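> what's the 3D shape of this:
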Amino acid sequence: SSIMVHSSVLALICLWMATMVSAQFGFFDHMFGNQQQQFQQQQQQRSHASQWAAYQESVPCSKYLCPGTLDCVAKPSECPCPHVQDIKCLIPDKDGDATVVCVRGEEGCSQVGKLARTKVVQA
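As a prediction, the model looks like this:
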């Protein structure tokens, strides 16, 4: 009878030790697995950037290639918005050109103007 009690206690201790070891490996796997996942994400971002650079070089455009639509235009302010429901707002700059901001919603360009603290022209 005491051998059965000792066997049960020993089995419980072994089971407890196995769960502790498993938990420790889970901790390390989580810690180092996270780093590996972050590294893979960084590699994918670099890959996307290099794909964009290669694609940009392959498109015949001697002026400016709009990043959102891949339209070839004379200057960045002529880029269209990527979605039909977008409203194109132009924020004039000191060089006589403008920055394009595409927005959606009822307020349109007025909110962009408030944020930019300058005159905004709806195009």
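
> so Leu70 sits against Val59, correct?
Yes - contact status for Leu70 versus Val59: in contact at 6.5 Å, counting by Cβ atoms under 8 Å. To be clear about C-beta, it is placed using only N, CA and C from the backbone, and glycine gets the same treatment.

> and these two? Which one has more around it.
Neighbour tally, Leu70 and Val59, criterion other Cβ atoms under 10 Å: the higher count belongs to Leu70, 13 against 10.

> for the chain, which segments count as strands?
Taking DSSP state E as the test, the strands found in the chain are 64-65, 72-73, 87-92, 98-103, 121-122.

> how close does the residue nearest to Cys72 when sequence neighbours are not counted get to Asp71?
Closest residue to Cys72 apart from its sequence neighbours, by Cβ to Cβ, 6 or more residues apart in numbering: Cys61 at 3.6 Å. Remark: distance between Cys61 and Asp71 (Cβ to Cβ, to the nearest Å) = 9 Å.

> likewise Pro92?
Applying Cβ to Cβ to Pro92 and Asp71 gives a distance of 21 Å.

> ok, back up a step: which one of the strands of the chain has the lowest average pLDDT?
Note on these: strand 121-122 shows the lowest mean pLDDT, a mean of 60.

> neighbours around Cys79, how many?
A count of neighbours around Cys79, defined by other Cβ under 10 Å, yields 20.

> nope, Val100 is what I meant
18.

> give me the below-cutoff pLDDT ranges for this structure.
Along the chain, the parts satisfying pLDDT under 70 run over 1-48, 52, 117-123.

> 90 instead?
1-71, 76, 90-101, 104-123 (pLDDT under 90).

> show me how the record splits it into domains.
1-58, 64-122 (automatic domain parsing).

> which residue sits closest to Gln111, ignoring its sequence neighbours?
Using Cβ to Cβ, 6+ apart, the nearest residue to Gln111 is Val103, at 7.0 Å.

> does that neighbour touch Lys114 like I think?
No - using Cβ under 8 Å, Val103 makes no contact with Lys114, being 11.8 Å away.
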